[in-house]
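>>> Pasting a predicted model and its sequence here:
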Amino acid sequence: MKKPKKSYSIFIYYGIVLAILLFVNLFLYPYLLKQSVTEVGYSDMLKKIDSGVVKKVEKQSNQWLFVAEENGKEVIYKTGPWDDPGLTKLLREKNIEFGSKIQEEPGLFATALSWFLPIIIIVVGGRILSRSLAKSMGGVGPMSFGKSNAKVYVEANTGKTFKDVAGQEEAKEALSEIVSFLHNPIKYARIGAKLPKGALLVGPPGTGKTLLAQAVAGEAHVPFFSISGSEFVEMFVGMGASRVRDLFKQANEKAPCIVFIDEIDTIGKRRDSQLGGNDEREQTLNQLLAEMDGFDGKKGVVILVATNRPEILDPALLRPGRFDRRIPVELPDLKGRIDILKVHIRNVRHEDNINFEQVGLATAGASGADLANMINEAALRAVREGRTEVTQRDIVESVEVVIAGYERKSMVISPEEKKIIAYHEVGHALVAASQTHSAPVAKITIIPRTSGALGYTLQIDKEEKFLMSKEELYNQMVTLSGGRAAEEVIFNTQTTGASNDIEKITNIANAIVMRYGMTEKFGMATLVQDGNRYLGGGSQVIVSEGTHKEADEAVLELIKSAHKKAVDILKNNEDALHDIAKHLIEKETITGDEFMEIFNRHVAPDEKIEASEKEVDIAKNLEEN
């Protein structure tokens, strides 16, 4: 392997410092000294001696120095030498101190010290300043501009393989071919196949894009370079491009290897002709494109990049020959969530009878990072309660902590407000239980949470769902309306407790009308264009103002219809509403099993709803929380 050339930047720095020091010593210091002594003529000196203001006279080899007192201050004058025998007599008559000093030549050591001590001070000060700047700039000192600060891992340091990645089987399969090529490039070279130069990992935050890249390097047993796109962009123009060159230079020296650039959208945004663009970012992107075209793929350098904003990337970055593969890294499904939970709990002491399927059903839509956080929260809860292993209760509670925050048991709520909150939450649960196409109720609580919720109703589907029918979406709206409907039916009032419910209802109604084409009036037409798929960007209306107004009217009509249905359900089940709310006020938290038991007392025998085996298991595990 070639050794990188030694950088001479530090010697240039010290050379500049030495030149400045020489200038100060030879020109600036004598100039300043000269400014502090006033030169006068010999006759002026005699006049000042006669006037009595001169206090001291000193003869030097090439000049006379005399100190005069003027306006209460001492002033130093100098004049050229003059052969005047009467000067000594005059000074004696005026009683002025006079004399001359013998100029001693300084020793060699003193001379050397006078020269090198300032240099040493400046050098040491420069090094200290350089290190402090490096810390404040994320490890990049002033001598490191243009140098890549990518973190380099070898196999022993990454410690990641595909066994550490769960819930992303399709992504692992797509990347395994890269691993195979790095292991045995000859097999592919025989048939004429070329290693893809790069792969783009696309997905929402927390799904494991960085972990996948590390696992590829770990499986292939090759060095791994990791850097964020933002680290290329600097305040100095040209530094980003220089860092790209340096990164690829290091990668070629350590080939075969993996180079991972996270948040590639920072430097890979689509270029345009508008004024005010970021020239530094575009130069960095151009250099990246040039480097990818220039390096030899046979060396085994693979570029992996990750983003959650693929729609803004420059087309030149995505063309074949650069990033040949686009690998989706999506949110995990039920099986994926179960596998991820098992991976993260491996290093945590836990009881043997953990029901991972139940936790997986309760965490639909969670990313791998969310699930890892839940396991950690469960471990922290076990420690707080003085136990040595994590239980099912800990994991279920940690799910609720991530969703709604910690319990605020110390929060004081008046009996009147507590009653309103209880009826509000029971309203949600009762409406949900009275409808088909609705997820079963797993838990109802009126204990406030740190997220701001004063209570909540937890519903968990019996199985993973990938499609939602119009009936299911509408029934979700009705269930969300149940809280406000209960306030109106029982207390004949409306409170701010339904604000989040109203927001969700409005979003679902808008989606039914404008996005999913589920209305007769607009048919299969989408009226909005969505923003970023992974970051939840806003939508843009793409229809005329008149059509938009009609769509708004359809949304309001849908919301009113759902609310009316919720009110009707609660009026028909008012006795059950009172009974369940009373029970909830007493216990503060009830399970779905307890809720269904009370609810079934108030319905006809042929209308009773039997809990499934999965619901019973969920209820048992929630019972103690």
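Thanks, I have the structure now. Quick caveat: nothing in here was measured; it's all calculated off a predicted structure. Numbering: from 1, shown residues only.
>>> Just the element for Ile258, please.
Assigning secondary structure by DSSP states H and E places Ile258 in strand 257-262.
>>> With just CA atoms, put the helix or strand that comes right after that strand into PDB.
Per DSSP H and E, the first helix or strand lying C-terminal to strand 257-262 is helix 279-294. Provided in PDB are the C-alpha atoms of helix 279-294 (Å, rounded to 0.1, in the frame of the first residue of the first chain):
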ATOM      1  CA  ASP A 279     -21.500  27.400  -5.600                       C
ATOM      2  CA  GLU A 280     -19.600  25.500  -3.000                       C
ATOM      3  CA  ARG A 281     -22.200  22.700  -2.900                       C
ATOM      4  CA  GLU A 282     -22.300  22.500  -6.700                       C
ATOM      5  CA  GLN A 283     -18.500  22.300  -6.900                       C
ATOM      6  CA  THR A 284     -18.600  19.500  -4.300                       C
ATOM      7  CA  LEU A 285     -21.200  17.600  -6.300                       C
ATOM      8  CA  ASN A 286     -19.300  18.100  -9.600                       C
ATOM      9  CA  GLN A 287     -16.200  16.700  -8.000                       C
ATOM     10  CA  LEU A 288     -18.100  13.700  -6.600                       C
ATOM     11  CA  LEU A 289     -19.400  13.000 -10.100                       C
ATOM     12  CA  ALA A 290     -16.000  13.300 -11.600                       C
ATOM     13  CA  GLU A 291     -14.400  11.000  -9.000                       C
ATOM     14  CA  MET A 292     -17.100   8.300  -9.500                       C
ATOM     15  CA  ASP A 293     -16.400   8.400 -13.300                       C
ATOM     16  CA  GLY A 294     -12.700   8.400 -12.800                       C
END
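>>> Any buried residues in helix 279-294, and which?
Glu280, Arg281, Glu282, Gln283, Thr284, Leu285, Asn286, Gln287, Leu288, Leu289, Glu291, Met292 (16 or more other Cβ atoms under 10 Å). C-betas here are computed from N, CA, C, even on glycine.
>>> Check stretch 566-585 too.
Buried residues in stretch 566-585 (16+ other Cβ under 10 Å): 566-567, 569-570, 573, 576-577, 579-581, 583-585.
>>> Repeat that for stretch 195-212.
195-204, 206-212.
>>> What residues does the closest residue to Glu97 other than its chain neighbours make contact with?
Residue nearest to Glu97 in three dimensions, not counting chain neighbours: Lys56, with 4.7 Å by Cβ to Cβ, 6 or more residues apart in numbering. Contacts of Lys56 were listed using Cβ atoms under 8 Å, 6 or more residues apart in numbering, and they are Phe66, Val67, Ile96, Glu97, Phe98.
>>> cutoff 7 Å now
Neighbouring residues of Lys56 by Cβ atoms under 7 Å, 6 or more residues apart in numbering: Phe66, Val67, Ile96, Glu97.
>>> Any chance of a markdown table for those residues, columns distance to Asn353 and secondary structure?
As requested, the contacts of Lys56 are exported to a markdown table (distance: Cβ to Cβ, whole Å; DSSP: H, G, I helix; E, B strand; the rest coil):
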| residue | distance to Asn353 | secondary structure |
| --- | --- | --- |
| Phe66 | 103 | strand |
| Val67 | 99 | strand |
| Ile96 | 107 | coil |
| Glu97 | 104 | strand |
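>>> if we can go back for a sec, ok so the residue nearest to Glu97 is a strand residue?
Yes - secondary structure of Lys56 (DSSP: H, G, I helix; E, B strand; the rest coil): part of a strand.
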